[in-house]
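In: predicted model follows, preceded by the sequence.
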Amino acid sequence: MSEDREKLKQLLLSEEIAEIEALRKLLEDQQQFSQKVSEVLDRATDITIKNNPKFQKKFSKIDSKAYVRAIKANKQTFIDALLPIIGPMIRQSVTNAIRRFVADVNRAMELGLSAKALKWRWQSLTTGVPFAELVFNNTIEYQVQQIFLIDNETGLLIEYAGQEGALLQDKDAMSAMLTAIQDFVKDSIDNESGGLSAAELGDKLLWLIAGNKANLAIVVKGAPTNRLRDTLTDACENIHIEFSDDLVNQETWNNNPELKLQLEQILLTKTQSDDQDSDKTINWWPWLLIIIGLFGWYFWSNYRDQKNQQQLLEQLNQTPGFVLQSLIKDGDQYIATGLKDPSADLSHISNQIQIKSTPFISLEDEMIAARAKEYLAMDGIHIHAENGVVTLSGTKSKPTDSSEKFDNLVLLPGIKSGNNQLTQQQSIEEKLAEFLDNNPTPANLKITAAQNTIAVTGQTMSSLSVPFLELLNQHFDQVNTDSLEIFETENLKKQISQSRLPMVNPDRINDEQKLILQTVVQAFNLLMTENQQLKLKILPRSDCQGTIEESNKNINSRGELVLQALLDSGLQPDDVLSEIVYCDQTQNEVNPDLLGVWFEVKE
């Protein structure tokens, strides 16, 4: 069967198989394959560059590493080649910067205090026109403020020169808008006229100068002449000659310092000529204004110093316990001499004043009060002095705090008598004792006072402790209940009913079983503080293994043993109930979970 299929394949596909074999040999033979590819490579490259711009950029991409290697290999050659170009560029840039600086200084001096400048400022105030606008209109004939170099085909911005802060919107958006307007004029108005050549933008003119590869859009303020347009046209032609390759290379757009410098050179400004003879004479107005300003500054400084000195005099004269004798200015400071009471407070006096004083005893009411306060040295009290009578008001913490010192107040200078209106301040321990006398402490609670804080510790029921704690918080500011445990009635009952005392051995109680009993007793005692009528029921059980008599005996032993343990823990016989369920038949299976004692709370 396979031989027939091979014969049929040879009959039907012999030519195709031969061609495929020839192609396979061609691909495997590198020499023949390279020869075939070289025959079409040149034409294929031309077609790809024409139809695929991205490939054109990659094909024409410059290898920067090759330039770096060449420069490292022969640095001096590159230096010698660049020096004739960079030197004139630097000198021209520095010269232009110095020329603009000198022009700005001269212009600032001319427009500072001259009569013409004052006149223009007055016009600005009266008419509302900005001063800079008036100066421009009266001194500048025209000024080229912004220049856009825009690609003819794409409408993208190639380079920009001018003040970017004066743009109405982004410079790229401006170039796109100008291109769209020009295309609109060409398509809808006159396609053969060459497009838009000029337009008005408010108080500015927009000139469009067409070029072979790029257009110049120039924003001019003022009244430009035809000579300026000729100059700008020549500049556009020179740009196309000197930067013909850069105009079509998008990688250099907006990143060509030489082209930007060329555009900045045509940001021209022409000032108005002024040949009036009056400008050649000496302008006395600035000098007169300077002299007036100096006199004004001198008188103002004297007035400010006198006012400052008067304020310092008032400050010193109004200070209790200080009698000013003289105030002399010494440079930037003042020296004040006078009499000073030892208790006088001079902390509010200005740092400009240096005090030189002689001690004395002042009999002013303020100083008498300050002297008494310093002597008593008691916080929280108010001292008032009037005509030699000192009155104390406020609270004192201890009875002996002020009694002896108050009796000796009359020995101080200026004090004739005293009026003691101080009230006794209770300590926190005294306040707590008085509170507990009127409000009994709930069972199991301990109340202590230390460092202005009331500490509540112990275990108690919610129904008993919550009202007591609310009342305690009303009488004291700081109540600490971090060590207090508060229980709910139902939670404790549930805890007791879920407690199980496992007792495999009915004759003794081990340490672990004692801990369980202790927990049950503590919970039941807490419940008893709330309700004395409660009963603790014990429920001994057995799994009824062995004989019935032996099982029931074990049940009785467990009940009696647990009952005695509860009584030993402090419970009264009336507080405990016992409910025994005896075995009436034996069980075949051993169940340790039934060997023990359970508990319930009954009312």
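Out: Ah, there it is.
In: can you list the domains in this protein?
Out: The record assigns the chain these domain ranges, following automatic domain parsing: 2-57, 62-106, 111-271, 300-359, 365-424, 428-487, 489-602.
In: which residue ranges of the stretch 151-300 of the chain form strands?
Out: 157-162, 198-201, 204-209, 214-222, 269-271 (DSSP state E, counting those that start in this stretch).
In: could I get those strands as CSV with mean neighbour count, distance to Asn249 and mean pLDDT?
Out: Where C-beta positions appear, they are placed from N, C-alpha and C, glycine not excepted. Putting the strands of the stretch 151-300 of the chain into CSV (neighbours: other Cβ atoms under 10 Å; distance: least, Cβ to Cβ, whole Å; pLDDT from 0 to 100) gives the following:
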stretch, mean neighbour count, distance to Asn249, mean pLDDT
strand 157-162, 22, 10, 83
strand 198-201, 12, 30, 74
strand 204-209, 18, 21, 81
strand 214-222, 22, 12, 82
strand 269-271, 14, 32, 73
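In: okay if I get those strands as TSV plus distance to Glu314?
Out: As requested, those are arranged in TSV below (distance: least, Cβ to Cβ, whole Å):
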stretch	distance to Glu314
strand 157-162	60
strand 198-201	63
strand 204-209	61
strand 214-222	59
strand 269-271	59
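In: what's the neighbour count on Pro502?
Out: When neighbours are defined as other Cβ atoms under 10 Å, Pro502 has 14 of them.
In: contacts only, for the nearest residue to it once chain neighbours are set aside.
Out: Spatial nearest neighbour of Pro502, excluding adjacent residues (Cβ to Cβ, 6 or more residues apart in numbering): Gly596 at 4.3 Å. Counting by Cβ atoms under 8 Å, 6 or more residues apart in numbering, Gly596 touches 500-503, 540-541, 558.
In: so which of the domains of the chain is nearest Trp287?
Out: Evaluated over the domains of the chain, closeness to Trp287 peaks at domain 111-271, with 8.8 Å, by Cβ to Cβ.
In: which residues of the stretch 251-400 of the chain score low on pLDDT?
Out: Scanning the stretch 251-400 of the chain for pLDDT under 70 picks out the ranges 272-283, 380, 396-400.
In: try it again at 50.
Out: 274-280 (pLDDT under 50).
In: then the chain?
Out: 274-280.
In: measure the residue nearest to Pro502 to Leu492 for me?
Out: Separation of Gly596 from Leu492 (Cβ to Cβ, to the nearest Å): 21 Å.
In: can you give me the helices for the stretch 201-350 of the chain?
Out: Along the stretch 201-350 of the chain, the segments classed as helices by DSSP state H, counting those that start in this stretch run 226-242, 244-248, 257-264, 285-317.
In: quick one: buried residues of the second one?
Out: Buried residues in helix 244-248, counting neighbours by 16 or more other Cβ atoms under 10 Å, are found at 246-247.
In: what of the longest one?
Out: Applying a neighbour-count criterion of 16+ other Cβ under 10 Å, one finds 286, 312, 316 buried in helix 285-317.
In: state the distance from the closest residue to the last one other than its chain neighbours to Arg304.
Out: Meaning Leu316. Excluding the flanking residues, the one nearest Leu316 by Cβ to Cβ, 6+ apart is Leu324, at 4.6 Å. Separation of Leu324 from Arg304 (Cβ to Cβ) stands at 22 Å.
In: same deal with Gln143?
Out: Gln143 is 45 Å from Arg304, by Cβ to Cβ.
In: what does Ile555 give?
Out: On the measure of Cβ to Cβ, Ile555 and Arg304 end up 109 Å apart.
In: try Gly222
Out: 47 Å.
In: ok, Leu201 next?
Out: 51 Å.
In: which ones are touching the nearest residue to Asn317 once chain neighbours are set aside?
Out: Among residues not flanking Asn317 along the chain, Leu324 sits closest, at 5.8 Å (Cβ to Cβ, 6+ apart). When contacts are counted by Cβ under 8 Å, 6+ apart, Leu324 touches 313, 316-317, 336-338.
In: mind redoing it with 7 Å?
Out: Counting by Cβ atoms under 7 Å, 6 or more residues apart in numbering, Leu324 makes contact with 316-317, 336, 338.
In: want to throw those residues into CSV with distance to Ala18?
Out: What follows is the contacts of Leu324, written out as CSV (distance: Cβ to Cβ, whole Å):
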residue, distance to Ala18
Leu316, 124
Asn317, 128
Ala336, 124
Gly338, 130
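In: what about Asn256, how many neighbours?
Out: 19.
In: correct me if wrong: it contacts Glu159.
Out: Yes: if you go by Cβ atoms under 7 Å, Asn256 and Glu159 touch, sitting 6.0 Å apart.
In: show the backbone phi and psi for the residue nearest to Pro502.
Out: phi 170, psi -170 (degrees, to the nearest 10).
In: that one and Pro540, how far apart?
Out: 8 Å.
In: returning to what we had before: and of the buried residues of helix 285-317, the nearest to Ile415?
Out: So of these, ranked by how close each gets to Ile415 (Cβ to Cβ), first place is Leu316, at 26.2 Å.
In: the closest one touches Val323, doesn't it?
Out: No: here Leu316 does not reach Val323: they are 9.2 Å apart, not a contact under Cβ under 7 Å.
In: and Leu484, what are its bridge partners?
Out: Beta bridges link Leu484 to Gly458, judged by DSSP bridges.
In: swap that for Val219, sorry
Out: With DSSP bridges as the criterion, Val219 is bridged to Gln146, Leu206.
In: so it makes contact with Gln145?
Out: Yes: at 5.1 Å, Val219 counts as touching Gln145 under the criterion of Cβ under 7 Å.
In: tell me where the stretch 1-150 of the chain has strands.
Out: Secondary structure of the stretch 1-150 of the chain by DSSP E, counting those that start in this stretch: the strands cover 140-151.
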